[in-house]
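Student: Here is a sequence together with a model predicted from it:
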Amino acid sequence: MFSIIITTKNEGINLKNTIYSLTQTRVGKSFEVIVVDDGSTDQSTAFLEKDSRYSQVKLLKTEGLGLARAKNLGAKYAAGKYLVFSDAHMSYQSFWLDYLEEVLQDKTVGAVGPAIASLAEPSRIGFGQTLTPEFRLAWLPKPAKASEVPILPGGLMVVKSKIFYELSGFETLMERWGWEDVELSLRLWLLGYRLLVVPKVVVYHLFRQKQPYPTSREASLKNLFILALNHLKEERVQKLFTLYSRYEEFSRAVGELIFNYPFTRRSELFNLRKYDDDWYFQKFKIGF
């Protein structure tokens, strides 16, 4: 069984459209739906409580945990063999779970993802992501078959639940929004699990210029630097700090992080990993 975990905050009609697509799309696999309302103020999850058609959807409400911890909360209440982490502004393809499960049968695979297309411009499709030399995200072109990718986008990623729980899920040190999917992708690879994109599965995602809730560049920078301290050797950490030092929020983000980051976390992850970050950047030909 699949557990589909949808995190939402002030998504308005997008959430209802997502749930409708999810429940009306044909699949051959059983699944449950868990919605984590992470502090919405727009009453966008009220229909789940009032409409009997959605009585099987588990609704969890928080006062605002941040994306990583909200996803972990959903996983805590999940019963599935596979955990599907989905945004709340999606549309799904027929039999998408069936095709993804085929690839998940490989014991070396820790997580998979579909191709992700734009709802507004369906011809714009990305097939997993990589990192640029400036440590920014870039979409990958279409491969001929299910293929390894360095990063599975958080818009929709499927992780084997046993592995997810062994890893203790998304990084709980991260705040609000940003980089949690990249951190988990990198952690999975360094621990020896493969990540694959399945190009014959396409889901549709609403890309937008602005989030429907307050975001913070300082929090995003802190999340990025947590990723760096968790996984990158000292030279790369310093390079990343230099690249992002032009932002006015840089000093506050670094200052708070250095004061609060538990460096035992870095030691723990370095001791657990099967591969180092040199291996990862060489494998995917990332010049950083």
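Tutor: Sure, I can see it. No experiment lies behind these values; they were computed from the predicted model shown.
Student: Can you check which helix is longest in this protein?
Tutor: The longest helix of the chain (DSSP state H) is helix 217-231.
Student: Following element in sequence after that one, please.
Tutor: Note on helix 217-231: by DSSP states H and E, the next helix or strand toward the C-terminus is helix 234-244.
Student: Mind jotting down where the helices sit in the protein?
Tutor: 13-24, 46-50, 67-76, 96-104, 161-166, 180-190, 217-231, 234-244, 250-260, 263-272, 277-283.
Student: circling back: on contacts alone, who are the packing partners of the longest helix of the chain?
Tutor: On a contact count with 3 or more C-beta pairs under 8 Å, 6 or more residues apart in numbering; DSSP states H and E, helix 217-231 meets helix 180-190, helix 234-244, helix 250-260, helix 263-272. Placement of C-beta: from N, CA and C, glycine included.
Student: Mind telling me which of the helices of the chain the model trusts least?
Tutor: When the helices of the chain are ranked by mean pLDDT, helix 250-260 comes last with a mean of 87.
Student: Buried ones in it, by neighbour count?
Tutor: Across helix 250-260, burial judged by 16 or more other C-beta atoms under 10 Å covers 250, 253-254, 257.
Student: How about stretch 163-172?
Tutor: Counting neighbours by 16+ other C-beta under 10 Å, the buried set in stretch 163-172 is 164, 167, 169-171.
Student: what's the answer for stretch 175-192, then?
Tutor: 175-191.
Student: my guess is residue 280 contacts residue 188, does it?
Tutor: No: Residue 280 is beyond contact range of residue 188, at 10.6 Å (criterion: C-beta atoms under 8 Å).
Student: Can you report how many residues lie near the spatially closest residue to residue 188 that is not a sequence neighbour?
Tutor: Excluding the flanking residues, the one nearest residue 188 by C-beta to C-beta, 6 or more residues apart in numbering is residue 110, at 4.7 Å. Residue 110 has 27 neighbours, counted by other C-beta atoms under 10 Å.
Student: cool, and residue 193?
Tutor: That count, for residue 193 with other C-beta under 10 Å as the rule, works out to 19.
Student: Then the one 4 residues further on?
Tutor: Neighbour count for residue 197, taken as other C-beta under 10 Å: 27.
Student: I'd like the distance between it and residue 97.
Tutor: From residue 197 across to residue 97, the span is 15 Å (C-beta to C-beta, to the nearest Å).
Student: Contacts for stretch 238-256 next, please.
Tutor: 134-135, 216-219, 221-222, 224-225, 228, 232, 288 (C-beta atoms under 8 Å, 6 or more residues apart in numbering).
Student: and if you look at stretch 198-205?
Tutor: By C-beta under 8 Å, 6+ apart, stretch 198-205 touches 87, 89-93, 96, 99-100, 103, 112-119, 122, 125, 127, 142-147, 155-156.
Student: so what's the most centrally placed residue in the chain up against?
Tutor: With distances taken as C-alpha atoms, centre = their mean, residue 154 lies nearest the centre of the chain, 2.5 Å away. Residues near residue 154 by C-beta under 8 Å, 6+ apart: 67, 85, 87, 180-181.
Student: Between which two of those residues is the distance greatest?
Tutor: Maximum pairwise distance in the contacts of residue 154, criterion C-beta to C-beta, is 12.5 Å, between 87 and 180.
Student: could you pull out the strands for the stretch 51-200 of the chain?
Tutor: 58-62, 82-86, 90-91, 109-118, 125-126, 129-131, 137-139, 147-148, 156-160, 194-205 (DSSP state E, counting those that start in this stretch).
Student: that older thread, out of the buried residues of stretch 163-172, which is nearest to residue 263?
Tutor: Distances from residue 263 to those, taken as C-beta to C-beta, are shortest for residue 171 (14.6 Å).
Student: which residues touch that closest one?
Tutor: 68, 180, 183-184, 187, 226-227, 230.
Student: okay, now the domains of the protein?
Tutor: Following automatic domain parsing, the chain resolves into domains at 2-205, 217-283.
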